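A.B. asks: Turn this into a structure:
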Amino acid sequence: ARNTTAVRATEPAVEGTRIRYARGGLEEWYDNSDAGLEQGFTLPRPPLASVADGPIVLDFEQSGRLRVRADAPTSLALVDGAGTRRLRFGELLAYDADGRALDARFVVRDAGFRIEVDDRGARYPLTIDPILKNEEAKLVASSSDAMAIAWFGAAVAIDGATAIVGAPSPLQSPDNGVAYVFSRTGTNWNIQARLTATDTGAVNNFGSRVALSGDRAAVAAENGSGVYVFSRTNRRWSQDQELAGLGFDEGDIALDGTTLVIGDAENTPTGTADVYVENGGIWSLQQALVPNDAGSYPVQQFGYSTAIDGNRIVIGSPFGPGTEAISGTAYVFVRTGTTWIEEDEFFPSEAVALDRFGEDVAIDGDTVLVGAPDRSDLGPNSGEGAAYAFVRSGSSWLLEQRLDRSFFQSLSAYGTSVALAGDVAVIGAPGADPFLSDPVVPVENAGLVHIFTRSGTTWTESQQFNVPNLSESDQGDQLGISVDFDGS
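C.D. replies: Got it, this is the predicted structure:
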């Protein structure tokens with residue numbers, strides 16, 4: 001193995017949100033971004049003359065009351081005396097000057113830990129990039145529901161200090177589904193309300209989709225049960241209206257202020273998306289949206305996913321015509337006055353049949369993020385998935401980048417869920433099999449969530465994380481089945 005040499009002390013240099021320490025042959029830097037406190041290292045050249053003696057090693061000493069624990073080969077936890085995780089070094093990334101990912105891992109030792117990077121064949125400089133995160137809270141159902149609620153987390157939404165979580169498949173509950181509203185005070189999240197439909201006997205899978213905007217929330221039920229709108233006054237939530245008779249089965253909902261979008265992918269062979277607006281406490285239909293290419297294929301699933309930002313709506317159609325039949329399409333509609341018109345439809349040129357491009361969509365300003373969880377690059381039906389960022393140019397939406405994570409895995413369903421705020425993208429891969437560190441074995445379908453940040457026009461994976469305190473009992477957890485993100 002290579003010998004290690006102590007780096008020299010130096011004064012910091014501040015550049016915007018980044019602090020740099022030039023330590024001779026190693027530059028250490030910190031960047032405070034929405035993704036977390038990013039501590040990184042840049043190596044302009046190999047630290048020693050020979051690269052045949054093993055991996056590059058960065059050695060760290062740990063002091064204070066927290067101790068280091070390995071969560072996985074590419075993540076570390078800092079835990080207190082009771083074993084509770086307080087901080088976390090997120091998924092470790094290392095790449096060379098060409099952007100090629102390098103094998104890297106954390107190794108725990110008695111007095112701290114080290115980072116090992118395999119630089120064989122790499123072109124310098126190298127970047128080594130973990131992120132320090134504080135896991136703020138784990139949201140759970142109330143203890144009285146713990147044994148009666150299934151699929152808690154099937155749908156999530158967040159807006160500022162409020163979050164809503166759907167639990168659409170209760171095992172014994174007479175409510176036929178529940179949605180929980182959580183409120184944050186400091187770093188503590190507490191249940192503020194337990195939302196159920198007033199006509200519980202006629203509802204199926206209440207909580208299968210949720211949406212949140214300020215003091216308004218919408219919760220969808222399946223199999224024709226409809227969508228329910230709630231509002232909050234003085235921390236108390238009440239049901240305002242039931243938008244029934246929509247035939248909601250496979251679809252999605254999105255809410256921004258006083259505008260609600262309800263996608264119904266099975267309402268017609270093409271699918272529809274209904275736009276409702278609230279005025280004086282009453283929600284009424286403003287317009288039913290259909291794509292300009294409606295009917296071009298027997299089943300398009302238009303409305304399977306929806307997202308809204310101000311006067312623009314993006315709608316996913318995972319069986320849309322795209323580059324070929326049933327490869328998928330995304331549509332953007334823009335509102336002028338009270339009228340919505342289709343602004344553009346788009347898809348990646350590489351799309352092929354059954355990619356399911358449009359499975360989930362997100363929009364923030366002039367950027368749209370689209371997931372394609374059945375995209376197969378490793379082989380036929382490999383299903384590792386993909387996600388794509390598009391940006392607006394006039395009335396056209398152009399591909400900015402395909403967001404590739406550092407590790408491809410078959411059947412991970414990457415792109416099943418997507419979220420976007422500013423220059424941060426969140427992408428769920430609920431079928432991924434993250435690895436335990438001891439023994440090094442995969443935990444099937446435990447799921448992963450990937451974080452990307454954008455600098456200029458380039459998106460880079462900054463973090464990935466799995467179920468906290470991953471163990472074999474987390475098999476089938478499907479972390480990432482639903483994601484949301486608020487830049488605050």
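A.B. asks: Next up, identify which helix or strand T127 is on.
C.D. replies: Applying DSSP states H and E as the criterion places T127 in strand 126-129.
A.B. asks: what does that strand contact?
C.D. replies: Residues from elsewhere that reach strand 126-129 (C-beta atoms under 8 Å, 6 or more residues apart in numbering): 38, 40-43, 56, 58, 92-97, 102, 104, 115, 117, 119, 462. Where you see a C-beta, it was placed from the backbone N, CA and C, and this is true even at glycine.
A.B. asks: List the neighbouring strands of that strand plus their orientation.
C.D. replies: If you go by DSSP bridges, strand 126-129 pairs up with strand 36-43 (antiparallel), strand 93-95 (antiparallel).
A.B. asks: Throw those strands into JSON lines and include distance to A446, thanks.
C.D. replies: Below are those laid out as JSON lines (distance: least, C-beta to C-beta, whole Å):
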{"stretch": "strand 36-43", "distance to A446": "21"}
{"stretch": "strand 93-95", "distance to A446": "20"}
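A.B. asks: and among those, the most buried is which?
C.D. replies: strand 93-95 (a mean of 23; mean count of other C-beta atoms under 10 Å).
A.B. asks: count of neighbours near A161?
C.D. replies: A161 has 13 neighbours, counted by other C-beta atoms under 10 Å.
A.B. asks: same deal with the one 3 residues further on?
C.D. replies: Neighbouring residues of I164 were enumerated by other C-beta under 10 Å; the total is 26.
A.B. asks: State the distance from it to D80.
C.D. replies: Note on I164: its distance to D80, by C-beta to C-beta, to the nearest Å, is 30 Å.
A.B. asks: tell me which helix or strand of the chain sits lowest on mean pLDDT?
C.D. replies: The helix or strand of the chain with the lowest confidence, counting by mean pLDDT, DSSP states H and E, is strand 131-133 at a mean of 60.
A.B. asks: Is it correct that V334 is in contact with I341?
C.D. replies: Yes. Here V334 reaches I341: they are 6.3 Å apart, a contact under C-beta atoms under 8 Å.
A.B. asks: more neighbours, the two?
C.D. replies: The residue with more neighbours, out of V334 and I341, is V334; 16 against 12, by other C-beta under 10 Å.
A.B. asks: Report the contact partners of the spatially closest residue to that one that is not a sequence neighbour.
C.D. replies: Nearest residue to V334, sequence neighbours excluded (C-beta to C-beta, 6 or more residues apart in numbering): E343, at 4.6 Å. For E343, the contact set (C-beta under 8 Å, 6+ apart) comprises R312, V332, F333, V334, S395, W397.
A.B. asks: So which of those sit within strands?
C.D. replies: If you go by DSSP state E, the contacts of E343 have R312, V332, F333, V334, W397 in strands.
A.B. asks: Tabulate the residues you listed (CSV), appending distance to S349.
C.D. replies: Below are the ones in strands among the contacts of E343 laid out as CSV (distance: C-beta to C-beta, whole Å):
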residue, distance to S349
R312, 23
V332, 18
F333, 23
V334, 24
W397, 13
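A.B. asks: out of those, who's nearest R23?
C.D. replies: Of all the ones in strands among the contacts of E343, R23 sits closest to W397, with 44.2 Å by C-beta to C-beta.
A.B. asks: number of nearby residues for R8?
C.D. replies: By other C-beta under 10 Å, neighbour count at R8 equals 11.
A.B. asks: give me every residue that touches P348.
C.D. replies: Per C-beta under 8 Å, 6+ apart, neighbours of P348: T323, F357, A372, A386, Y388, L399, R402.
A.B. asks: In contact with the last one, which residues are there?
C.D. replies: Taking C-beta under 8 Å, 6+ apart as the criterion, R402 is in contact with P348, A386, A387, Y388, A389.
A.B. asks: rerun at 7 Å
C.D. replies: The contact partners of R402, by C-beta atoms under 7 Å, 6 or more residues apart in numbering, come to P348, A386, Y388.
A.B. asks: can you give me the strands in the stretch 51-200 of the chain?
C.D. replies: Assigned by DSSP state E, counting those that start in this stretch, the strands in the stretch 51-200 of the chain fall at 56-61, 67-72, 75-79, 85-89, 93-95, 104-109, 112-117, 126-129, 131-133, 155-159, 162-167, 178-185, 188-195.
A.B. asks: Strands of the stretch 351-488 of the chain, residue ranges please.
C.D. replies: Per DSSP E, counting those that start in this stretch, the stretch 351-488 of the chain carries strands over the ranges 360-364, 367-372, 386-393, 396-402, 417-421, 424-429, 448-455, 458-465.
A.B. asks: circling back to that earlier point, in its sheet, what does the helix or strand that contains the residue nearest to V334 sit against?
C.D. replies: Using DSSP H and E, the element containing E343 is strand 339-346. When sheet partners are counted by DSSP bridges, strand 339-346 sits next to strand 329-336 (antiparallel).
A.B. asks: Quick check: buried residues in the strand it pairs with?
C.D. replies: Using 16 or more other C-beta atoms under 10 Å as the test for burial, strand 329-336 gives T329, A330, Y331, V332, F333, V334, R335.
A.B. asks: Would you agree the first one is in contact with E345?
C.D. replies: To tie it back to what came earlier, the one meant is T329. Yes. T329 is within contact range of E345, at 5.5 Å (criterion: C-beta atoms under 7 Å).
A.B. asks: Columns pLDDT and distance to A179 on top of the ones in strands among the contacts of E343, output as TSV?
C.D. replies: Converted to TSV, the ones in strands among the contacts of E343 look like this (pLDDT from 0 to 100; distance: C-beta to C-beta, whole Å):
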residue	pLDDT	distance to A179
R312	98	26
V332	98	28
F333	98	27
V334	98	30
W397	98	32
